[in-house]
Structures are given as C-alpha cells and as structure tokens.
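# Here is my input, please return the structure:
(one chain, ligands or ions: 1)
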Amino acid sequence: MSAAAYTRKVIIRRSLAPASLSKPRPRADSGVESGKLEAVHTMLDRGLTPQLKGPDEEQRSLLDARLSRVDRGVLLWAEAQGVRLQVLQSGEELDATGALRDLTGKFEQRLKPDTVEKLHEHLQPLTERIRAEKDPDKALSLRRQKRNQLAELLTLNPCGAAVFTPAFAPILAPGISSLSADPGETPTLKAMAMYHGADSPEEQAQFFSWMESLNGERLAQARQATVEEKSRMLASRPEALQAWLRQAEEHPELVPLDVTAHTLVVPDAHYLGANSREQTMLLDRSDLVSVEGWRNGDFRGQWFFLEGKTNLLIRDSAVELDTPVHELGHVIDMTLEKDAPQFYGSLRPRIEKAHYQARLNGNAITSYAMANRREYIAEGFAAFYETPAELRKIDPELFGLVEEMVEFCCRQAGADRVLDQKLQKMWKDAVATAPGEPAALRAQLEQQVQTCPKADGLSSTAMAAALGASRLGLLAGAADVALGLLPALASPGPGLADPVQQAYREGLDAEGQRRLFDLAYQSGRGLLLA
Ligand SMILES: [Zn+2]
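The predicted model follows:
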C-alpha cells in the first residue's frame, strides 16, 4: 500500500476499539516480515495438488519460522521465479507432487539414434581393443574404461539412452537384482526390459523396439556374436545346438548379449507401476532414483525443474530442520546459473576454487558441503542464515559467495538488503517501545499528532528521527484500526506525511522513507489486530 497519512481531521471521528482487542503483540506476519511470509505462503499454495494433503498449521508455522530467516529479497525473488513449495507427508508418494516428468507417449521424442551412432564411432578404437584383447583381466579393465567413457558421453549428449547399469537393478526390479554387476555379464533384452520395470508384454515390446531403434545394427551384431560363440561351444552336440538356435530365432529377446563388447545402450525410460495412480508412469532414471529416495526415507528435501517451474520439496519431518533453507539454496544456485549466465559465469570459477580449497584444507562448513559444488553452495546458503558467524569464521570465501548471490537476488527483486536490515531493526525497536494497551496507543497517537506537524517531537539525528517516525507509523496504523478510519488514510496527503518525510530525510532515501512508514503503519495495524 502507499504511504498512509494521518490527518487531524479524521481523528475527530472516534469509535473506541472493540473490547475484545487483547494486549497487542507483534505478529510474525506484521511489518517488515509481511512480504516474506506472503511469498512463502504463495509458494506453499502454489505447491498444493489434489493428491497432496499439504502442510498442516503447525508445519506451516515451522516453515514460516525457518524461511523468515532468509532475506526478504531472496524470498520475493524465489516467489517471482514460480517456485512451488511442497511438504510431502509420510505415506505420500513423490508422483503426487506433480514434480515428476511422465514420459508416457513422449519418450520417442528423446530418442536420438544418430547421436548414439556418433558416440559409438568415437568409442570404436576402444571397442576393437576389447575384442582383440586375450588377457581376461586386461579385457575387463578395458570394458570398465569404455563403460565409464560411454556413461560420460551420454551424460553430455542427451539422446534418450543410458549405459546398461546393473547397479540400478535392485531399484528397478527387485526380483532380478541377483544379476551380477560384473561388466562382463551377458544379459538378455528381456532381462533389460524387466530391469526397467516393463512387466506387461506391451511394455516389453515397446522397450524392445526402443532398443532396436537406439542400437540398430549393433544389436543384431551382438546377437550374431552370441550365436557364433554358442555354435562353437555346441559344435559337438548338434541336437542341443539346433534346439538353442530354434529358441534364439523364436525368442531373440532371450539371447544373451555381451553389452560391453558390443556397446549397447538402453532407453533411459523406466516403468513405474501404478499404486495410487490410474496408470503406469514412464520416468527417466533420475526421476526414478528420486522416487526410490523418497520411498525409503533417504531424502529430506529435493528440488525439481519441470516445464519452467521449480518444485521445492520438504519431507514432513524436515520442516523444522535447515532443509527448507538448504533446498532453497539449491534452487537459487541452479536458477541463477540458468537465468543469469553472465553473473553466474563470473561466480562459478570462484565457487569451484573455494570448494576445492575447502576440501583441501578440510574447513568445509559441513562434511556434506564437501560432496560437490552444488552441496557446497546449498550448505553455505543454509549456514549463511542459520549460523552466519560460524560460516564467516570457518569459510569466509563461501560466506562472500553466498552473500553475492543473495544480494543479486535482492537486487533482482527490487529489495535493498542493507535498507531491509535497517528497517527491520527500527521496526523491532519501535515495536519494543510501543505502548501495549489500545488506550495507551491512542493517547500516544494523539500526542504525536499534536507534535508531529511541527516536527518538533522528533529527534534531530537521522536514526532517531527515522525511529521516531516509524513509531509514528505504528501509531497511525494502530489508530487506523482502533478508530475505523482506514479509507481516509489510504493515500498520502498533507498532515503527517510531510513531517514524516522530513524526519526521514537525513537517514533514508525517499524509497526507504516511504517503505519504513508503510511497514510501521502496517505493523501498527498488526499490533491492534493481533
Ligand atoms: Zn542438497
């Protein structure tokens, strides 16, 4: 709202404050805090889905308490980014948040066989060495080397494919997790499909067709290699060989495949069985790992980017921990990197260097901060608000980096951090010295109104003048409620507005003056409405 003016004229029409007004106390959402909590509540409301219970009153107030430690500008900025804040209650599944990307019917668009083809060409020399290597130990080492290289290449070149990763077997299909994680293993197409949760014949057929599309000739070659090897092994037992060959022809999906000698990649698509949902979902591995992490309790919080929106998830048991602030740190880190490349580009080498140094010197703020540069920033962000003095002492470099990010967000949100802190202090001081009783408030108001137009009642020093004026704002707001005069005060005008402006002149710029009076005014209302 705009600066409120209080005029002599309106004070005449007095109606006593309702008797039910108890002793005023500042509410958490009054004054300088109001923008913050509104931002948090907007993000929470935005995060509600029909499948989620949503946070209860207690969880909401715990989140308010945690997140209100964060700068107003950062919260306003996060709110403006469309962040959806969600609390996952125990028993609720991750897919209820709407944060997962269901690839059903869309996965084909991710398939880029041409890209896969180029990667294979790149790896061809290594593939040939593996085939020629006679020493099994050396061959195994080369296969590992190739798998790692392929995994890295696929990460850098998204094409709907992943390296066949038995490490995920326990996640994907508990029933066949006994398959070994040895890179020399020879799984079948069907086993791969089941690893990916393809239970029905339709799902398996779809999976096989993606395998064909991604691997083309290489799949046929891998199959042929097995046939040839089997033919050599069973050369002395023609009947057994015939039976095997017949089965291989009828069921090519059951032919064992050497997935490293032939560099097969698998579709990065996993069927998530229907539980509460009506249908199966198709997820990429990253989302699937998240589903499992929330199911088995590994995750306390997480964020997701989906179609221009960010979901910030907190487990019910973590709303009172520093998790919400930590996750918000991730959101800010990732969003700045994505949306403010110039700013982030100058920061990134310094983040990497500071992270490296912290690991080297063993002075990371937490052990988790050592994990990678993302966690380094998120842990730094949490510490910046939870234990700032400690962070400044232990890892001053990280403190400075987080501060720059925070200030950048504040500027983007049109909030001046230094001014905010000044206002907050003044507001607290004003509230601390405000009279507790409505009657006393009114008496002080009347006195202020008497003295204010002359501006004599305010101290000449800038801070004291500003503080005095913020008290005046408090009183004006309180009186506004007590006297039922809100409409008359909606816009600045002659009367108190002038002396207030004058009182602020030395201490704050015009915007600061306006905001402080605004905040104090609203706080005054908050005091009486509490
Ligand atoms: Zn984290």
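# Enumerate the residues of the stretch 351-500 of the chain near the ion.
375, 378 (CB under 5 Å from the ion). From N, CA and C alone the C-beta is placed, and that goes for glycine too.
# for the residue in the stretch 351-500 of the chain that the ion sits nearest to, phi and psi?
Nearest to the ion, among the residues of the stretch 351-500 of the chain, is residue 378, at 4.4 Å (CB to the ion). Note on residue 378: backbone dihedrals following degrees, to the nearest 10 are phi -60, psi -40.
# And it, how close does it get to residue 127?
40 Å (CB to CB, to the nearest Å).
# Skipping its backbone neighbours, what lies nearest residue 42 in space?
With sequence-adjacent residues excluded and distances taken as CB to CB, 6 or more residues apart in numbering, residue 42 is closest to residue 79, at 5.4 Å.
# Tell me, how many residues neighbour that neighbour?
Neighbouring residues of residue 79 were enumerated by other CB atoms under 10 Å; the total is 20.
# go on, residue 248?
Count around residue 248 with other CB under 10 Å applied: 17.
# do residue 158 as well
Neighbour count of residue 158, defined by other CB under 10 Å: 12.
# again, but for residue 301
Going by other CB under 10 Å, the residues that sit close to residue 301 add up to 22.
# wait, isn't it in contact with residue 323?
Yes. Using CB atoms under 8 Å, residue 301 is in contact with residue 323, at 4.1 Å.
# Could you tell me which residues touch both of those two?
314, 315 (CB atoms under 8 Å, 6 or more residues apart in numbering).
# Okay, buried residues for stretch 227-236 please.
By neighbour count with 16 or more other CB atoms under 10 Å, stretch 227-236 contains the buried residues 227, 230, 234.
# who's in contact with the second one?
With contacts defined as CB under 8 Å, 6+ apart, the neighbours of residue 230 are 241, 244, 245, 248.
# In helices, which of those fall?
Of the contacts of residue 230, the ones assigned to helices by DSSP state H are 241, 244, 245, 248.
# For ChimeraX, write the select line for the buried members of those residues.
In ChimeraX syntax, the buried subset of the ones in helices among the contacts of residue 230 is picked out as below (16+ other CB under 10 Å):
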select :241,244,248
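# I'd like the ones in helices among the contacts of residue 230 laid out as a markdown table, including pLDDT and distance to the ion.
Formatted as a markdown table, these follow (pLDDT from 0 to 100; distance: CB to the ion, whole Å):
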| residue | pLDDT | distance to the ion |
| --- | --- | --- |
| 241 | 93 | 55 |
| 244 | 92 | 51 |
| 245 | 93 | 53 |
| 248 | 92 | 48 |
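# of all the ones in helices among the contacts of residue 230, which two lie farthest apart?
Using CB to CB, these span at most 10.3 Å, a distance reached by 241 and 248.
# show me where the stretch 201-350 of the chain has strands.
Taking DSSP state E, counting those that start in this stretch as the criterion, the stretch 201-350 of the chain carries its strands at 265-267, 270-272, 281-283, 301-306, 309-315.
# The ion: which of the ones you listed is closest?
Closest among the strands of the stretch 201-350 of the chain, using CB to the ion: strand 301-306, at 7.2 Å.
# For the closest one, buried residues please.
301, 302, 303, 304.
# Which pair of the residues you listed spans the longest distance?
301 and 304 (11.2 Å).
# and for those two, which residues touch both?
Both residue 301 and residue 304 are in contact with residue 313, where contact means CB under 8 Å, 6+ apart.
# quick one on the thing from earlier: residue 378 and residue 127 - which one has more neighbours?
Neighbour count, other CB under 10 Å: between residue 378 and residue 127, residue 378 has more, with 29 against 19.
# So the more buried one is in contact with residue 329, correct?
Yes. Between residue 378 and residue 329 a contact is recorded at 3.9 Å, counting by CB under 8 Å.
# List the contacts of residue 77.
332, 409, 410, 412, 413.
# 10 Å instead?
Going by CB atoms under 10 Å, 6 or more residues apart in numbering, residue 77 touches 39, 71, 83, 331-332, 335-336, 406, 408-415.
# Where does pLDDT dip in the stretch 201-350 of the chain?
Low-confidence segments of the stretch 201-350 of the chain (pLDDT under 70): 260, 274-278.
# which stretches of it form helices?
All helices of the stretch 201-350 of the chain, identified by DSSP state H, counting those that start in this stretch, fall at 201-215, 217-233, 238-250, 285-295, 323-339, 341-361.
# How about stretch 198-213, which residues are buried there?
198, 203, 204, 206, 207, 208, 210, 211, 213.
# Counting neighbours, what do you get for the closest residue to residue 352 other than its chain neighbours?
Distances taken as CB to CB, 6+ apart put residue 373 closest to residue 352, at 5.9 Å, once the chain neighbours are dropped. Each residue near residue 373 was counted by other CB under 10 Å, and the total is 15.
# same thing with the one 10 residues further on?
Residues within reach of residue 383, counting by other CB under 10 Å, total 26.
# now the one 3 residues further on
Residues within reach of residue 386, counting by other CB under 10 Å, total 15.
# Go ahead and confirm it touches residue 326.
Yes. Counting by CB atoms under 10 Å, residue 386 touches residue 326, with 9.2 Å between them.
# highest average neighbour count across the helices of the stretch 201-350 of the chain?
helix 323-339 (a mean of 21; mean count of other CB atoms under 10 Å).
# Taking their axis directions, it and helix 341-361 sit at what angle?
130 degrees (axes from the mean of the first three to the mean of the last three CA atoms, to 10 degrees).
# Convert helix 323-339 to CSV, retaining C-alpha atoms only.
C-alpha atoms of helix 323-339 as CSV (Å, rounded to 0.1, in the frame of the first residue of the first chain):
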residue,chain,number,x,y,z
THR,A,323,16.4,-28.5,5.0
PRO,A,324,14.0,-25.8,3.5
VAL,A,325,16.8,-23.2,3.5
HIS,A,326,19.3,-25.7,2.1
GLU,A,327,17.0,-26.7,-0.7
LEU,A,328,16.2,-23.0,-1.4
GLY,A,329,19.9,-22.6,-1.8
HIS,A,330,19.9,-25.2,-4.5
VAL,A,331,17.1,-23.5,-6.3
ILE,A,332,18.9,-20.2,-6.2
ASP,A,333,22.2,-21.8,-7.3
MET,A,334,20.6,-23.6,-10.2
THR,A,335,18.2,-20.8,-11.3
LEU,A,336,21.0,-18.2,-11.3
GLU,A,337,23.1,-20.5,-13.4
LYS,A,338,20.3,-21.0,-15.9
ASP,A,339,18.8,-17.5,-16.0
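# Next, the angle strand 301-306 makes with it.
Calculated by the same axes, to 10 degrees, helix 323-339 forms an angle of 30 degrees with strand 301-306.
# hang on, the earlier thing: can you verify the residue nearest to residue 42 is assigned to a strand?
No. Per DSSP: H, G, I helix; E, B strand; the rest coil, residue 79 lies outside any strand segment and is helix.
# Distance of it relative to the ion?
As for residue 79, its distance to the ion is 21 Å (criterion: CB to the ion, to the nearest Å).
# how about that residue, what does it touch?
35, 36, 38, 39, 40, 41, 42, 43, 46, 85, 413.
# what separates it from residue 38, distance-wise?
8 Å.
# Could you do residue 393 as well?
From residue 393 to residue 38 the distance is 34 Å (CB to CB).
# So which bits of the chain are right by the ion?
Counting by CB under 5 Å from the ion, the chain sits next to the ion at 375, 378.
# domain ranges for the chain?
When the chain is parsed with automatic domain parsing, its domains come out as 8-24+434-529, 122-272, 325-412.
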